[in-house]
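In: following is a predicted model, sequence given first.
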Amino acid sequence: MNKFIQGIIAFSLKNRGFVFLLTLVAIIAGVISYRNTPIEAFPDVTNTEITIITQWPGRSAEEIEKFVTAPIEIALNPVQKKTSVRSTTLFGLSVVKVIFDDGVDDAYARVQVNNLLSGADLPDGAEPEVQPPYGPTGEIYRYTLTSKDKTTRELKTIQDWVIERNLKAVPGVADVNSFGGEVKSYEISVDPSKLQDFSLTPLDLYTAVQRSNINVGGDVINEGQQNYVVRGIGLLNNISDINNTVVKNVNGVPILIKDVARVTESALPRLGRVGRGLEDDKVEGIVVMRKGENPSEVIKLLQAKVQLLNEKILPPDVKISTFYDRQQLIDFSTETVIHNLMEGMLFVTVIVFLFMADWRTTLIVSIIIPLALLFAFICLRLRGMSANLLSMGAIDFGIIIDGAVVMVEGLFVALDHKAHEVG
């Protein structure tokens, strides 16, 4: 081992120019890696996880467990390299999570789940959906909608049909979850006596509305050199369209929905309520980032999209009000880490100078700190890992310079002995 160390020292002394060149290359590579390494507030150390969510409205938790959750779990049992399959069953909702071993790629896991999920024997109306890849630290943005004139029902409609679709188009965004508000619906209140007069049932009304809410393609009419496409427009857009839907013909007279029922605008049963500050009824949106993405880049694109929505797309009185932005935490964490690093380097340099009492020794030892950090960023970049408050805040300068201090001190002792021998 001594010969090996002596060989390294001898090579470095004989080829000082080559050593300085390698050091310069390492510095340049380290700076480039530092500028391109994703910086996060918290590390995501969880295993690859695939989540399957299935909705079956109106069913009890027992029915969901028996007819949805259990068949999905059975179908996913052959998945390879998994550690566990966990499930949660609620009223009308089934959530199944497949957790994989360390090192399993998300694409590999997703292909297996998608291939086996098609073999699950599920009832009609239950459609399983594989969720996009995101981890427990993927929540990067929260906002509420503000408006002086619009109700929470109208804001919820804007959130679901305008804002959510625009934000999901941002690169790196996995999903947008919304809470609060009322989901708009149309309610048909049937008059039983009128149904009896026309020999109708509620199922007849349901079937009539369902069949009417479609556009039907027709044929092509040729006239000269022009062709005219014939279509039947039947999509229901408002209460008037529903009222005028034909349920049945009696002796050539059409029986309409409005003849046997009353149509009103209503809302689906609320599953929760969101409050912010002194306001107890708000519409909230939570943006979740895809696993492995650079949060700083995703948030930058997200902020640009939010600005576009506020200025050009949303109604003038509707605005997106942000109350949580991960970039603020990332900036604060980065500032804290850099501040601690600079203070640590300064203190270490002063202590080394006090004990060594030599500026050249102090300079050599102090240079090790930035070189070691730059080399660490090179390794992070090669491994595709991110820097965060925990990993950078745990840097121990004593460990970093310990080897350099011992080697420099050993060289001083060797030079002192050599000086005594030579005289």
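Out: Ah, there it is. Residues are numbered from 1 along each chain as shown.
In: for this structure, which helix extends over the most residues?
Out: Secondary structure of the chain per DSSP state H: the longest helix is helix 326-356.
In: that helix - contacts with which helices or strands?
Out: On a contact count with 3 or more Cβ pairs under 8 Å, 6 or more residues apart in numbering; DSSP states H and E, helix 326-356 meets strand 39-40, strand 139-146, helix 295-308, helix 359-383, helix 389-393, helix 397-422. The way it works is simple: take the backbone N, C-alpha and C, and place the C-beta from them, glycine included.
In: run the last query once more with 7 Å
Out: When contacts are defined as 3 or more Cβ pairs under 7 Å, 6 or more residues apart in numbering; DSSP states H and E, helix 326-356 packs onto strand 39-40, helix 295-308, helix 359-383, helix 389-393, helix 397-422.
In: buried residues, that helix. List them.
Out: Of all the residues in helix 326-356, those buried under the rule 16 or more other Cβ atoms under 10 Å are 326-327, 329-330, 333-334, 337, 341, 344-345, 348-349, 352-353, 356.
In: swap in stretch 22-32?
Out: In stretch 22-32, counting by 16+ other Cβ under 10 Å, buried: 29-30.
In: the residue nearest the centre of the chain: what's it in contact with?
Out: The centroid of the chain falls nearest to residue 289 when counting by Cα atoms, centre = their mean (2.1 Å). Contact analysis of residue 289 by Cβ atoms under 7 Å, 6 or more residues apart in numbering lists 134, 138, 140, 172-174, 295, 298.
In: and the residues you listed, which is closest to residue 84?
Out: Taking Cβ to Cβ as the measure, residue 84 lies nearest residue 134 of the contacts of residue 289, at 18.9 Å.
In: secondary structure class for that closest one?
Out: Under the three-state scheme (DSSP: H, G, I helix; E, B strand; the rest coil), residue 134 adopts coil.
In: what domains does the record give for the chain?
Out: When the chain is parsed with automatic domain parsing, its domains come out as 2-41+330-422, 47-134, 184-267.
In: coming back round to it: quick check on the residue nearest to the centre of the chain: phi, psi?
Out: phi -90, psi 150 (degrees, to the nearest 10).
In: measure it to residue 95 for me?
Out: Distance, residue 289 to residue 95, using Cβ to Cβ, to the nearest Å: 20 Å.
In: picking up where we left off before, model confidence for the residue nearest to the centre of the chain, exactly?
Out: Residue 289 is assigned a pLDDT of 91 by the prediction.
In: looking at the sheet around it, what are its partners?
Out: Judged by DSSP bridges, the bridge partners of residue 289 are residue 173.
In: quick check: it vs residue 9, distance?
Out: For residue 289 relative to residue 9 (Cβ to Cβ), the value is 48 Å.
In: for residue 333, same thing?
Out: According to Cβ to Cβ, residue 333 and residue 9 sit 40 Å apart.
In: which stretches of the stretch 201-350 of the chain aren't confidently modelled?
Out: Counting by pLDDT under 70, the stretch 201-350 of the chain has low-confidence residues at 218.
In: going along the chain, name the helices of it.
Out: Secondary structure of the stretch 201-350 of the chain (DSSP state H, counting those that start in this stretch): helices located at 202-212, 239-243, 257-260, 295-308, 326-356.
In: show me the contact partners of the shortest one.
Out: This means helix 257-260. Taking Cβ under 7 Å, 6+ apart as the rule, helix 257-260 contacts 188, 190-191, 194-195, 198, 200, 205, 242-243, 245, 247, 263.
In: again, only this time at 8 Å
Out: For helix 257-260, contacts defined as Cβ atoms under 8 Å, 6 or more residues apart in numbering pick out 188, 190-191, 194-195, 198, 200, 205, 208-209, 242-245, 247, 263.
In: any of these buried? List them.
Out: 188, 190, 195, 200, 205, 208-209, 242-243, 245, 247, 263.
In: nearest to residue 152 among those?
Out: Proximity of the buried ones among the contacts of helix 257-260 to residue 152, judged by Cβ to Cβ, is greatest for residue 263, which lies at 21.9 Å.
In: pretty sure that closest one contacts residue 244?
Out: No - taking contacts as Cβ atoms under 8 Å, residue 263 lies outside contact range of residue 244: 10.0 Å.
In: rewinding a little: reformat the helices of the stretch 201-350 of the chain as CSV; add distance to residue 364.
Out: Output for the helices of the stretch 201-350 of the chain, formatted as CSV (distance: least, Cβ to Cβ, whole Å):
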stretch, distance to residue 364
helix 202-212, 81
helix 239-243, 82
helix 257-260, 88
helix 295-308, 35
helix 326-356, 9
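In: for residue 82, find the nearest of those.
Out: Per Cβ to Cβ, nearest to residue 82 of these: helix 295-308, 28.0 Å.
In: buried residues in the closest one, which are they?
Out: Neighbour-count burial for helix 295-308 flags 295-296, 298-299, 302, 305-306 (criterion: 16+ other Cβ under 10 Å).
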